[in-house]
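Student: Sharing a model that was predicted from the sequence below.
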Amino acid sequence: MGLFTWIAIGAFAGWIANYFMDQDERLFPFSDIIIGILGAVVAKFVFSSFGADPITGFNLQSVVFSSLGAIFLIWFFRKKKSED
């Protein structure tokens, strides 16, 4: 899977995650795109460690698993921010 595909999936996953995680509370401008890309990487790493390969290209399965990774990261970063 190419870099452009990772960026496209991550951006879309970040937008979806931000929609479900209270879209008025952004961490910084364009945070959903960056966190979406990081969420795709986290989802790929976590699920690959269990023997699955959920992110295979630009398809529904990849977007769903990337969104789950992005939702987790948004939750984690907001929790860390609220502790400060």
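Tutor: Nice, thanks for sending it over.
Student: switch to C-alpha atoms for all contacts and neighbour counts from now on
Tutor: Fine.
Student: Now the element after the helix or strand hosting residue 14, going C-ward?
Tutor: Per DSSP states H and E, residue 14 falls inside helix 3-20. Sequence-wise, the next helix or strand downstream of helix 3-20 (DSSP H and E) is helix 31-49.
Student: Check which helices and strands that next one is in contact with.
Tutor: Judged by 3 or more C-alpha pairs under 8 Å, 6 or more residues apart in numbering; DSSP states H and E, helix 31-49 is in contact with helix 3-20, helix 60-83.
Student: tell me the angle of it relative to helix 60-83?
Tutor: 120 degrees (axes from the mean of the first three to the mean of the last three C-alpha atoms, to 10 degrees).
Student: hmm, who's touching helix 31-49?
Tutor: For helix 31-49, contacts defined as C-alpha atoms under 8 Å, 6 or more residues apart in numbering pick out 6-7, 9-15, 17-18, 26, 53-55, 65-74.
Student: tell me, which of the helices and strands packed on helix 31-49 is the model least confident about?
Tutor: Confidence, taken as mean pLDDT, is least for helix 3-20 of the helices and strands packed on helix 31-49 (a mean of 80).
Student: What is the distance between that helix and the centre of its chain?
Tutor: 6 Å (C-alpha atoms, centre = their mean, to the nearest Å).
Student: Number of residues surrounding residue 2?
Tutor: 7 (other C-alpha atoms under 10 Å).
Student: Please apply the same query to residue 15.
Tutor: Counted with other C-alpha under 10 Å, residue 15 comes out at 22.
Student: got it, and residue 65?
Tutor: Residue 65 has 21 nearby residues by other C-alpha under 10 Å.
Student: where's it relative to residue 12, distance?
Tutor: 12 Å (C-alpha to C-alpha, to the nearest Å).
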